[in-house]
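**Student:** Here's my sequence, what's the structure:
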Amino acid sequence: MNETMLALLGFATIIMIIVLLLRNVTVPAIAFIGVSTITALILVLTGTFTIEQMGDFISAGVKGVHSTAALFIFSVLFFGIMSDVGMFDRIINALMKKVGNNVVGVALMTCIIAMIGHLDGGGASTFLITIPAMLPVYKKLKMRPTTLLLICVTAMGVMNLLPWGGPTMRSASVLEIDANQLWMKLLPMQIVGIIIALFTAIFWGTVEKKRGAGENSTLAMDDSGDSEELAEASASNDLARPKLFAFNVVWTLAIIVALVFLDVPSYYTFMVGCVVALLVNYPGAKLQGKIIKSHAGPALTMASTILAAGVFLGVLEDSEIMNHMATILASFIPQSMGRFLPLIIGVISVPLTLLFCTDSYFYGLLPVLIGVGNQFGVDPAHTAIAMVVCRNCATFISPVVPATFLGVGLAGVEIKDHIKSSFFWIWGVSIVCMIAGLVLGVITF
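**Tutor:** Got it, this is the predicted structure:
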């Protein structure tokens, strides 16, 4: 099978998965495994790869995401324990006293927490810091979790441009320059992006408020949530541990600090967090087993989805099909439009993010487009900046980015709903950032 046919097979595979997910035909894990298996069979039957090679590709793909799956399992368990002990009830009560029914304030707080949480450049850790802290407040105010995710991913996409962030480092390595040097070039666009992220929070907070969200919202059941009711709810909860509140808060903060600063696997940090939390709050094997089983459902569902996405990535990425897809896309750019390459790639970066994982995008597509741009005298840095800034906006709505599944899992949102509610807004954000780059002279023709 030639490179063109391989690329077309890759496009067909991704389109089929996206259609299955958006039409709610099946759960993500089945879509990823089923469609990827059909693609793998086609590759084997056409003699392109052997069964052994496909097995190696799949193994490599799953290996690439297994740490994210483990992270999800133990993070769900950890935050589940903290919810059971009643820690979040007390925190919600404190937040409610500060913001009351100020829905816009809650939305803005979400954006700021996500920005601070993403200083380490880790998408998974940012979701783990932001969503468990804010989701209970959103539920209390009857705000939609899709709005929480939209605000979160917008802030994360902007902050991901830092020089130690993966996309900026990848682009700099392709350009063979220092990551900090590239970052200084795109910094004006990042500043604009931060302003847009804050505007996003205010705008969508206002939208939520207009649809009736607030402390006394009647969008669903009446739930005023004053401090006395919260105290009674905690008292009636057999699993609540009000006397251990201080310990649980300190331990949760310690885990978050460890996530950001300790150079150990994130899933191991949560493993240790779960061990200590269970031993202190729920001594005894029987009670500990009960707690673990109560959170097994969501943990297993999302872990299986993440591992299934690994199969998909292995089939397309490790077989280099995604690189062939990048070459095909580059060939469609008309010769007369060559000098506008940064603008073209900036505008279509968000849709492309749904098709390409981070590595294939920057190590597969970027070098090809830089080569195309060189034929028209386009500065390679301008092409890279357009790709890294505009693509980053959509990183965490992409079904080929494992951290996306962590975010939707923590928020209790279907990935199709996340994409539907975020796609066009994020695309608009990326185009505004692109225009800002042109106006500020970051990108020129």
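**Student:** so how far is stretch 306-325 off the chain centroid?
**Tutor:** 18 Å (C-alpha atoms, centre = their mean, to the nearest Å).
**Student:** Pull out the buried positions in it.
**Tutor:** Using 16 or more other C-beta atoms under 10 Å as the test for burial, stretch 306-325 gives 306-325. Bear in mind the C-beta positions are built from the backbone N, C-alpha and C, glycine included.
**Student:** Now, those that are in helices?
**Tutor:** 306-317, 321-325 (DSSP state H).
**Student:** next helix or strand past the lowest-mean-pLDDT helix or strand in the chain?
**Tutor:** Lowest mean confidence among the helices and strands of the chain (mean pLDDT, DSSP states H and E): helix 227-236, at a mean of 43. Per DSSP states H and E, the first helix or strand lying C-terminal to helix 227-236 is helix 245-261.
**Student:** From the contact counts, what lies against that following helix?
**Tutor:** The contact analysis (3 or more C-beta pairs under 8 Å, 6 or more residues apart in numbering; DSSP states H and E) places helix 245-261 against helix 51-84, helix 87-99, helix 123-140, helix 266-281.
**Student:** Let me know which of the ones you listed is tucked in deepest.
**Tutor:** Ranked by mean neighbour count, the helices and strands packed on helix 245-261 are led by helix 123-140 with a mean of 23 (mean count of other C-beta atoms under 10 Å).
**Student:** Average pLDDT for that helix, rounded please.
**Tutor:** For helix 123-140, the mean pLDDT works out to 84.
**Student:** Can you spell out which helices and strands pack onto it?
**Tutor:** Counting contacts by 3+ C-beta pairs under 8 Å, 6+ apart, helix 123-140 packs against helix 51-84, helix 87-99, helix 103-117, helix 145-159, helix 245-261, helix 266-281, helix 402-411.
**Student:** which regions of the stretch 1-150 of the chain sit below the pLDDT cut-off?
**Tutor:** For the stretch 1-150 of the chain, residues meeting the criterion pLDDT under 70 lie at 22, 24, 92-93, 95-97, 99-100, 120-121.
**Student:** can you check the stretch 251-400 of the chain too?
**Tutor:** In the stretch 251-400 of the chain (pLDDT under 70), the answer is 260, 360, 364.
**Student:** and residue 335, how many neighbours?
**Tutor:** 9 (other C-beta atoms under 10 Å).
**Student:** what about it, distance to residue 141?
**Tutor:** Note on residue 335: its distance to residue 141, by C-beta to C-beta, to the nearest Å, is 54 Å.
**Student:** cool, and residue 157?
**Tutor:** Taking C-beta to C-beta, one finds residue 157 at 25 Å from residue 141.
**Student:** More neighbours: which of these two?
**Tutor:** Taking neighbours as other C-beta under 10 Å, residue 157 and residue 141 compare with residue 157 leading, 30 against 27.
**Student:** Skipping its backbone neighbours, what lies nearest that one in space?
**Tutor:** residue 393 (4.3 Å; C-beta to C-beta, 6 or more residues apart in numbering).
**Student:** any chance you could read off phi and psi for the one you found?
**Tutor:** Phi and psi for residue 393, reported as degrees, to the nearest 10, are phi -60, psi -30.
**Student:** ditto for residue 178
**Tutor:** Dihedral angles (degrees, to the nearest 10) for residue 178: phi -70, psi 140.
**Student:** tell me the contacts of it?
**Tutor:** residue 172 (C-beta atoms under 8 Å, 6 or more residues apart in numbering).
**Student:** so what's it scoring on pLDDT?
**Tutor:** In this model, residue 178 carries a pLDDT of 78.
**Student:** how close does it sit to residue 163?
**Tutor:** Taking C-beta to C-beta, one finds residue 178 at 8 Å from residue 163.
**Student:** which residues are in contact with both of those two?
**Tutor:** Common contact partners of residue 178 and residue 163 (C-beta under 8 Å, 6+ apart): residue 172.
**Student:** quick revisit: Serialize the helices and strands packed on helix 245-261 to CSV and add fields for distance to residue 203.
**Tutor:** Shown next, in CSV, are the helices and strands packed on helix 245-261 (distance: least, C-beta to C-beta, whole Å):
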stretch, distance to residue 203
helix 51-84, 29
helix 87-99, 17
helix 123-140, 16
helix 266-281, 32
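**Student:** Out of those, the one nearest residue 353 is which?
**Tutor:** In terms of C-beta to C-beta, the element of those nearest to residue 353 is helix 123-140, at 13.1 Å.
**Student:** got the contact list for stretch 34-41?
**Tutor:** Residues from elsewhere that reach stretch 34-41, judged by C-beta under 8 Å, 6+ apart: 9, 13, 16-17, 20, 26, 54, 57-58, 311-312, 314-316.
**Student:** okay, that stretch in CSV with CA atoms only?
**Tutor:** Only the C-alpha atoms of stretch 34-41 are listed here, as CSV (Å, rounded to 0.1, in the frame of the first residue of the first chain):
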residue,chain,number,x,y,z
GLY,A,34,-13.3,-1.6,16.9
VAL,A,35,-12.3,0.9,14.2
SER,A,36,-8.6,0.6,14.9
THR,A,37,-8.8,-3.2,14.7
ILE,A,38,-10.5,-3.0,11.3
THR,A,39,-7.7,-0.6,10.1
ALA,A,40,-5.1,-3.0,11.5
LEU,A,41,-6.7,-5.9,9.6
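**Student:** buried stuff in it?
**Tutor:** Within stretch 34-41, the residues that count as buried by 16+ other C-beta under 10 Å are 34-36, 39-40.
**Student:** Centre of the chain to it, how far?
**Tutor:** For stretch 34-41, the distance to the chain centre is 25 Å (C-alpha atoms, centre = their mean).
**Student:** go on, stretch 340-355?
**Tutor:** Distance of stretch 340-355 from the chain centroid (C-alpha atoms, centre = their mean) equals 19 Å.
**Student:** Contacts for it next, please.
**Tutor:** Under C-beta under 8 Å, 6+ apart, the answer for stretch 340-355 is 11, 14, 18, 325, 329, 333, 337, 361, 365, 369, 372-373, 376, 378, 382-383, 385-387, 389-391, 393-395, 397-400, 419, 423, 426-427, 430-431, 434, 437-438, 443, 445.
**Student:** From those residues, list just the buried residues.
**Tutor:** Buried members of the contacts of stretch 340-355, counted by 16+ other C-beta under 10 Å: 14, 18, 325, 329, 333, 361, 365, 369, 372-373, 378, 382-383, 385-387, 389-391, 393-395, 397-400, 419, 423, 426-427, 430-431, 434, 437-438, 443.
**Student:** Which ones among these lie within helices?
**Tutor:** Judged by DSSP H, the buried ones among the contacts of stretch 340-355 include 14, 18, 325, 329, 369, 372-373, 382-383, 385-387, 389-391, 419, 423, 426-427, 430-431, 434, 437-438 as members of helices.
**Student:** wait, residue 163 sits on residue 169?
**Tutor:** Yes - using C-beta atoms under 8 Å, residue 163 is in contact with residue 169, at 7.2 Å.
**Student:** Tally up the residues packed near residue 42, please.
**Tutor:** By other C-beta under 10 Å, 15 other residues sit near residue 42.
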